[in-house]
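>>> Pasting a predicted model and its sequence here:
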Amino acid sequence: MKRNFRVLLENNKWLKKVPNLLTICNSLCGFGAMLYTLHVYDNRIDAYTYDVLAVSAWLILFAMIFDMLDGFAARLFNAASIHGIQMDSLADMVTFGVAPAVIVAVMAHSLRAEMRPFQYFLLWGFCAVYIGCAASRLATYNVHAMLEKKSGEKFSGLPSPGAAAAICSLVIFYGSQKGEISQIVRILPFYAAVLGCLMVSNIPYMHAGRWLMSVRRNRKRLFILFIILIAMYFSPFLVMVLLINAYVVSGPFTIIAKKVGLIQQNGGVGAKNKNGHSSQ
């Protein structure tokens, strides 16, 4: 009976549309984040502006749920296809490539009166670097997918959802603070450009989804997850921003640690590919 149910899932033509619908939901979250952010394009940085930007950032983070579910649905319904892969990358470009850059650009625009024209255009240039690198990474993934290269245990370069999450976590965290926060507005565009460079690098990054899936079989990881959940109960925004940005730093840190002998060299890093629309 279980086998028959599995066959029914894999052969139902309507269920095969579910992965693409989830991918569309991903892109709609990114589109909504951009539209909502543009409401405060000409505003100064104040509590209301940060509330709006925080909602936009949460929309991008929420889109990651759809980004994970579309791959799961593609495998469950045996609906993986080149069309689905292309759609997934396009949705990721909207949500994890353009939308975070729009948030950063709007934040930079709020300080235009305090900057020289050169500084102002430089900040916009940093945002452009982020978008360009995200596009390059996702296009590279599509090429690897067309060549049917197998996925490795690690990502080569920072995944685009990870880069977007790093920006969004900082926006949410600093938006929750009550002090003077204009400095983060000046720094964030440069950080976005750094994230862009990490996306197109060959630096290995662990697959966070696979790490979470292996928690049940690994007591050490289960204990770490338990500690993280307790910490998030007391200070959710701080823990979120620290965890996400620690993941960003983990790639370069691992490279440096291996070169100085702190970590033993092990197996190679897999290609920039994914099974059933995993995040890139």
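Done, it's in. All values reported here derive from a predicted model rather than from experimental measurement. Residues are numbered from 1 along each chain as shown.
>>> got the residue ranges for the strands in the stretch 151-280 of the chain?
154-156, 204-206 (DSSP state E, counting those that start in this stretch).
>>> hey, where'd the helices end up in the stretch 101-250 of the chain?
Shown for the stretch 101-250 of the chain, the helices assigned by DSSP state H, counting those that start in this stretch span residues 117-146, 160-175, 182-199, 208-213, 219-234, 236-259.
>>> rewinding a little: indicate which one of the strands of the stretch 151-280 of the chain is closest to residue 115.
Ranking the strands of the stretch 151-280 of the chain by proximity to residue 115 (C-beta to C-beta) places strand 204-206 first, at 33.4 Å. For the C-beta atoms, the positions are set from N, CA and C on the backbone; glycine is no exception.
>>> Which neighbours in the sheet does the closest one have, and how are they oriented?
strand 154-156 (antiparallel) (DSSP bridges).
>>> Find the nearest non-adjacent residue to residue 131, please.
residue 101 (4.9 Å; C-beta to C-beta, 6 or more residues apart in numbering).
>>> Pull stretch 92-111 out as CSV, backbone CA atoms only.
Extracted in CSV, the C-alpha atoms of stretch 92-111 (Å, rounded to 0.1, in the frame of the first residue of the first chain):
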residue,chain,number,x,y,z
ASP,A,92,16.6,33.0,-6.1
MET,A,93,17.9,35.9,-8.2
VAL,A,94,14.8,38.0,-7.3
THR,A,95,14.7,37.1,-3.6
PHE,A,96,18.3,36.5,-2.6
GLY,A,97,20.0,38.6,-5.3
VAL,A,98,18.0,41.8,-6.0
ALA,A,99,15.8,42.2,-2.9
PRO,A,100,18.6,42.4,-0.3
ALA,A,101,20.5,44.8,-2.5
VAL,A,102,17.4,47.0,-2.7
ILE,A,103,17.2,47.1,1.1
VAL,A,104,20.9,48.1,1.4
ALA,A,105,20.5,50.7,-1.4
VAL,A,106,17.5,52.3,0.3
MET,A,107,19.3,52.4,3.6
ALA,A,108,22.3,54.1,1.9
HIS,A,109,20.0,56.5,0.1
SER,A,110,18.6,57.7,3.5
LEU,A,111,22.1,59.2,4.3
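>>> Averaged pLDDT, it. What do you get?
Computed over stretch 92-111, the mean pLDDT rounds to 93.
>>> Would you confirm that the residue nearest to residue 131 contacts residue 129?
No. Counting by C-beta atoms under 8 Å, residue 101 does not reach residue 129; the two are 9.1 Å apart.
>>> more neighbours, these two?
More crowded of residue 101 and residue 129, by other C-beta atoms under 10 Å: residue 101, with 25 against 18.
>>> Please list all residues in contact with that one.
With contacts taken as C-beta atoms under 8 Å, 6 or more residues apart in numbering, residue 101 has the following neighbours: 127-128, 130-131, 192.
>>> which of these lies closest to residue 25?
So of the contacts of residue 101, ranked by how close each gets to residue 25 (C-beta to C-beta), first place is residue 131, at 21.9 Å.
>>> How many residues are close by the closest one?
There are 18 residues near residue 131, going by other C-beta under 10 Å.
>>> now swap in the one 5 residues further on and tell me
By other C-beta under 10 Å, the residues close to residue 136 number 15.
>>> so what's it closest to, chain neighbours aside?
In space, residue 136 is closest to residue 200, 5.3 Å off (C-beta to C-beta, 6+ apart).
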